[in-house]
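Participant: Have a look at this prediction, sequence included:
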Amino acid sequence: MKKMTRRDFLRASAFAGGALLLPKRAWASSSDNLVPFTSDIALELSESLGDCFAPGAGIEPECATRVVDLSGSHRGWAVDFCGTGGEPYGYAVFDAEVDGLLLQATITEGKGGLVDSIRGAANGAAKSHSLIEDTVLMASPLQFGLVDGASEVVTFNNFESIPINALPLAVSPQSVDPIQWETIMIREDDVRQGQYQITDANFLYDYDYAPNYEIKAHTGSYACAVSALYSIGGTLYTSSGPLISCWSDWDEYQKIWDFTQTKIDEGNPPHGGVTYGSTSSENIGAGFQPYCASKGFDIGYSYNPRRPAYVRFKEQVSEQKHSVFTAGIVTSDGNGGTKVDGHAMAVYGWGDIKSNNSTMANLFLFDGWQNMVFLNYSYTGFQWATGTFFDK
């Protein structure tokens, strides 16, 4: 797999001008004109997304896959996109509980759909599988999985595999009448008249990253904060080139691990030959600064332990400076319950989408696993959030 190039990045960032057709709100309304949030509506809402992300490329929505949460409740749809020749062009996830409906999107030439992404993780995990591909489980705004009907294991796009009976599912996805999934009600007028306009956007000049399956294969370890910093290191330049070559400087991953005092994750013990780590958010900048100094590169940072204002990330990008967004998200504890896990992501851009007097704030992130995604920063499910802001 080749690294992401500047050409790929500029294609993704081309979405900065254009309009989205999205409902004004996805919540149930007291209006008499309510309609179920069906796959047809999800496809209809997706029709203008292609022009927003890649004007003139002729991208179209191809199919919609039902998305449910860990309680088994229908939350929305994942829509795959394709180009004029039928080639894959990424996907978008719509969530009825998110203001503005669009939860995240990764629309890039050659990028498969969400189901393809999870299927690839299942193959990478070397599991025997007969995946049920008509329903996607959403564990968090970034973590999605498919049920293996034979082994009754759920494999997620971050390459984790959890037995289905260890998830806090109130209802088995396979046992529900499909008609019951289409009970999310939205206003018909919002579908027909909800014009969303991308008013502004900005991006860092370049990005680079290695997906986590490559990192695991070459280092035998994985920690999201270390991966975020490893990615950032690939776009910091010295007189002799990038600080890190993300596809060859594998030893640097362990060095960042050590400098950031990353510990073995007690809730995710080593398995499959991989050691998983947990990094305190306050150590992200405090560790990366001396790591860079050890390589003769000077960098400063500031840390905000309380959910930073969206504008702070915008300022960083406008000044072409790096930052790391860390958020607490509710995930499965593997024992039938839930827990709050922190997840760190490198920030590479942002985009504002406005409708009437409300604005959807979106960060462009490396999700720490295998994708560059636009994530709705207004998502209310974050349990906590922090920001680390570098001066380069």
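Facilitator: Done, it's in.

Participant: For the stretch 201-350 of the chain, just list every one of the helices.
Facilitator: Assigned by DSSP state H, counting those that start in this stretch, the helices in the stretch 201-350 of the chain fall at 212-219, 224-233, 251-259, 283-294, 310-318.

Participant: In terms of residue numbering, what are the domains of this structure?
Facilitator: Under the assignment automatic domain parsing, the domains of the chain span 23-193, 202-390.

Participant: Quick one: the ones you listed as a markdown table, columns for mean pLDDT and mean neighbour count too.
Facilitator: Where you see a C-beta, it was placed from the backbone N, CA and C, and this is true even at glycine. Listed next are the domains of the chain as a markdown table, based on pLDDT from 0 to 100; neighbours: other C-beta atoms under 10 Å:
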| stretch | mean pLDDT | mean neighbour count |
| --- | --- | --- |
| domain 23-193 | 72 | 19 |
| domain 202-390 | 87 | 19 |
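
Participant: circling back: mind putting the helices of the stretch 201-350 of the chain into CSV with distance to residue 267?
Facilitator: Shown next, in CSV, are these (distance: least, C-beta to C-beta, whole Å):
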stretch, distance to residue 267
helix 212-219, 17
helix 224-233, 13
helix 251-259, 17
helix 283-294, 18
helix 310-318, 28
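
Participant: Quick one, which of these gets closest to residue 108.
Facilitator: helix 224-233 (16.1 Å; C-beta to C-beta).

Participant: mind checking which of the helices of the stretch 201-350 of the chain is nearest residue 270?
Facilitator: helix 212-219 (11.2 Å).

Participant: Now find how far off-centre the closest one is within its chain.
Facilitator: 19 Å (C-alpha atoms, centre = their mean, to the nearest Å).

Participant: quick one: it to helix 224-233, angle?
Facilitator: If you take axes from the mean of the first three to the mean of the last three C-alpha atoms, to 10 degrees, helix 212-219 sits at 90 degrees to helix 224-233.

Participant: Packing partners of helix 212-219?
Facilitator: strand 221-222, helix 224-233, helix 251-259 (3 or more C-beta pairs under 8 Å, 6 or more residues apart in numbering; DSSP states H and E).

Participant: next structured bit after the helix or strand harbouring residue 146?
Facilitator: Using DSSP states H and E, residue 146 sits within strand 144-148. Following strand 144-148 in sequence order, the next helix or strand is strand 153-156 (DSSP H and E).

Participant: Mind listing the strands the following helix or strand past that following strand pairs with, and their directions?
Facilitator: Using DSSP H and E, the helix or strand that directly follows strand 153-156 along the chain is strand 161-163. Using DSSP bridges, the strands paired with strand 161-163 are strand 153-156 (antiparallel).

Participant: how far out from the middle of the chain is the strand it pairs with?
Facilitator: Using C-alpha atoms, centre = their mean, the offset of strand 153-156 from its chain centre is 17 Å.

Participant: tell me the angle the lengthiest strand in the chain makes with helix 310-318.
Facilitator: Across the chain, the longest stretch assigned as strand under DSSP state E is strand 338-355. If you take the same axes, to 10 degrees, strand 338-355 sits at 70 degrees to helix 310-318.

Participant: Excluding chain neighbours, give the residue nearest to residue 364 in space.
Facilitator: Nearest residue to residue 364, sequence neighbours excluded (C-beta to C-beta, 6 or more residues apart in numbering): residue 349, at 3.4 Å.

Participant: returning to what we had before: now tabulate the helices and strands packed on helix 212-219 in JSON lines and tack on distance to residue 46.
Facilitator: As requested, the helices and strands packed on helix 212-219 are exported to JSON lines (distance: least, C-beta to C-beta, whole Å):
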{"stretch": "strand 221-222", "distance to residue 46": "32"}
{"stretch": "helix 224-233", "distance to residue 46": "28"}
{"stretch": "helix 251-259", "distance to residue 46": "37"}
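
Participant: what's the closest of the ones you listed to residue 376?
Facilitator: Residue 376 lies closest to helix 224-233 among the helices and strands packed on helix 212-219, at 19.1 Å (C-beta to C-beta).

Participant: any residues touching the closest one, and which ones?
Facilitator: By C-beta atoms under 8 Å, 6 or more residues apart in numbering, the residues outside helix 224-233 that reach it are 207-210, 212, 215, 242-244, 246, 252-253, 256-257, 260, 262, 277, 279, 281, 283-284, 287-288, 291-292, 322, 324, 326, 342-346, 366, 368, 390.
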